[in-house]
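Visitor: what's the 3D shape of this:
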Amino acid sequence: MLSQIVVFVLGLGILYLGADWLIDGASEVARRFGIRPLIIGLTIVALGTSLPEFLLNLFAVAAEEDGLAIGNIIGSNIANIALILGISAIVMPLAVDGAALKKEYPMMLAVTGLFYLLALDGTISRIDGVILVSGLMAFLVFVIKDSSSDNPAPKVTVETPDEDPLFVPQTGLKKWLHDEKTAPVMRILLIVAGMAALAIGARLMVQSAITMAEMLQINPVVVGLSIVAIGTSLPELAASLMASAKQESDLSVGNILGSNLLNILFVIGVVATIQPMQVDGETLNFHMPVMIGFSLLLWPLARSHHRLSRPGGIILLTGFLAYMGWLIAPYL
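Guide: Presented below is the predicted three-dimensional model:
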């Protein structure tokens with residue numbers, strides 16, 4: 001059992017190291033071709049942060065563990081709202097962007113509801129996957145157009161080290177990525193290494209999670225909803241806690257809404273297009289409604305003064321702990 005835990009943690013580490021490499025490499029390539037940072041954030045970075053869940057689900061479905069795949073997305077969306085926003089708000093109350101509540105929040109609710117409706121027949125089919133991917137394309141087009149209209153592209157001036165009084169010499173990987181001689185090769189290598197690490201890490205996590213579920217006689221859905229979901233949410237939790245501690249609370253709610261949207265539209269959509277997924281009765285009748293419930297709960301907690309307060313964070317975290325307790329109670 002200990003060896004499987006070690007493999008799981010190792011896979012998780014490799015997974016996120018790969019995502020970091022892929023994002024760095026792809027972002028540098030995009031900047032090299034003059035793509036705006038806003039577009040990089042909305043496409044490359046957003047895609048990179050969703051790739052761990054995507055590859056994990058892809059390997060899970062390939063191993064005929066649909067419950068683990070579906071459970072991971074439902075559990076990740078619950079953890080994003082209840083665990084990450086809950087703890088972050090307790091550390092430091094979060095300012096909530098009013099525009100996010102008016103635009104992205106209704107979209108997130110609509111996509112979550114669509115996910116539930118598509119699953120009512122017990123299957124996320126290829127047609128369902130195409131519907132979700134089409135929604136993803138529409139969402140990206142909307143966000144890019146909306147952001148472009150609100151934030152015109154600024155003029156970019158490139159300063160040489162001699163002209164920039166705050167210039168700090170770059171070392172290591174960053175130096176190689178920006179050096180004219182080594183940059184092209186390093187960017188390609190970083191992207192390839194990132195993709196390889198993502199694939200290896202996802203495979204290790206899926207194999208160890210399945211083995212642990214079999215050893216402990218735990219339903220793979222429960223493993224996906226708890227251990228795997230929390231594991232794939234740890235980087236977001238660390239980032240949100242750091243932002244809260246630094247009083248940079250303008251990011252968390254909007255980021256979580258976007259993450260939940262991509263988990264359904266991108267991960268479930270693309271994986272279902274490749275291989276349809278079965279949804280069991282308990283997931284449909286209980287776990288999905290819990291996900292919808294937490295999504296709805298965020299509205300009254302964040303709407304007041306456009307602020308998620310400490311009491312609101314306590315409510316979210318308490319709800320998450322109660323849900324996790326309910327999941328694992330039968331196995332204690």
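Visitor: residues near the nearest residue to G98 once chain neighbours are set aside, how many?
Guide: Nearest residue to G98, sequence neighbours excluded (CB to CB, 6 or more residues apart in numbering): H306, at 5.2 Å. Yep, even glycine has a C-beta here, placed from its N, CA and C like the rest. Burial of H306 is recorded as 15 neighbouring residues (other CB atoms under 10 Å).
Visitor: mind checking pLDDT for H306?
Guide: Looking at H306, its pLDDT reads 79.
Visitor: wait, doesn't it sit right on A99?
Guide: No: between H306 and A99 there is no contact under CB atoms under 8 Å: 9.9 Å.
Visitor: quick one: the helices in the stretch 1-150 of the chain?
Guide: 2-32, 37-40, 46-62, 66-78, 86-91, 98-102, 104-119, 126-150 (DSSP state H, counting those that start in this stretch).
Visitor: what does the stretch 201-332 of the chain give?
Guide: Under the criterion DSSP H, counting those that start in this stretch, helices of the stretch 201-332 of the chain are mapped to 220-223, 229-245, 252-262, 269-274, 281-282, 288-303, 310-328.
Visitor: using CSV, write out every CA atom in the fourth one.
Guide: Backbone C-alpha positions of helix 269-274 (Å, rounded to 0.1, in the frame of the first residue of the first chain) are rendered in CSV as follows:
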residue,chain,number,x,y,z
GLY,A,269,-15.9,17.1,-23.9
VAL,A,270,-12.7,16.0,-25.6
VAL,A,271,-12.4,12.7,-23.7
ALA,A,272,-16.1,11.8,-24.5
THR,A,273,-15.5,12.6,-28.1
ILE,A,274,-12.6,10.0,-28.1
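Visitor: outside of it, which residues touch it?
Guide: Helix 269-274 has contacts (CB atoms under 8 Å, 6 or more residues apart in numbering) with 54, 57-58, 61, 69, 124-126, 128-133, 135-136, 277.
Visitor: how far away is I84 from G75?
Guide: 12 Å (CB to CB, to the nearest Å).
Visitor: equivalent analysis for A229, please.
Guide: Look at A229 and G75: by CB to CB, they are 3 Å apart.
Visitor: which of the two has more neighbours?
Guide: G75 (30 against 23).
Visitor: per-residue pLDDT, the more buried one?
Guide: 91.
Visitor: mind listing what it touches?
Guide: G75 makes contact with 224-226, 228-230, 287 under the criterion CB under 8 Å, 6+ apart.
Visitor: same check, this time on A110
Guide: Neighbours of A110 in contact, by CB under 8 Å, 6+ apart: none.
Visitor: what do you get for the one 10 residues further on?
Guide: When the contact criterion is CB under 8 Å, 6+ apart, the partners of L120 are L284.
Visitor: can you give me the distance of it to V290?
Guide: Noted for L120: a distance of 16 Å to V290, by CB to CB.
Visitor: hang on, the earlier thing: now for the contacts of G75: which two are most distant?
Guide: I230 and H287 (14.7 Å; CB to CB).
Visitor: between those two, which one's more packed in?
Guide: H287 (23 against 17).
Visitor: so the more buried one sits right up against G71, yeah?
Guide: Yes: at 7.2 Å, H287 counts as touching G71 under the criterion of CB under 8 Å.
Visitor: so how many other residues sit close to the nearest residue to N77 once chain neighbours are set aside?
Guide: Spatial nearest neighbour of N77, excluding adjacent residues (CB to CB, 6+ apart): N260 at 4.7 Å. When neighbours are counted by other CB under 10 Å, N260 registers 27.
Visitor: do the same with A63
Guide: Neighbour count of A63, defined by other CB under 10 Å: 16.
Visitor: pretty sure S259 contacts N80?
Guide: Yes: S259 is within contact range of N80, at 5.5 Å (criterion: CB under 8 Å).
Visitor: so which of these two has more stuff around it?
Guide: Just comparing S259 and N80: by other CB under 10 Å the higher neighbour count belongs to N80, 25 against 21.
Visitor: ok, back up a step: want to throw the helices of the stretch 1-150 of the chain into CSV with distance to R310?
Guide: Putting those into CSV (distance: least, CB to CB, whole Å) gives the following:
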stretch, distance to R310
helix 2-32, 29
helix 37-40, 32
helix 46-62, 27
helix 66-78, 20
helix 86-91, 5
helix 98-102, 19
helix 104-119, 21
helix 126-150, 30
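Visitor: out of those, indicate the one that is most buried.
Guide: Highest mean neighbour count among the helices of the stretch 1-150 of the chain (mean count of other CB atoms under 10 Å): helix 66-78, with a mean of 28.
Visitor: just to revisit the earlier point, rank the helices of the stretch 1-150 of the chain by pLDDT, which is bottom?
Guide: Ranked by mean pLDDT, these bottom out at helix 37-40, which scores a mean of 51.
Visitor: quick one on the thing from earlier: of the contacts of G75, closest to P106?
Guide: Here the nearest of the contacts of G75 to P106, counting by CB to CB, is H287; it sits at 22.7 Å.
Visitor: need the contact list for the closest residue to that closest one other than its chain neighbours.
Guide: Computed as CB to CB, 6+ apart, the closest residue to H287 that is not its neighbour in sequence is I74, at 5.2 Å. Contacts for I74 (CB under 8 Å, 6+ apart) come out as 224-225, 229, 283, 287-288, 290-291.
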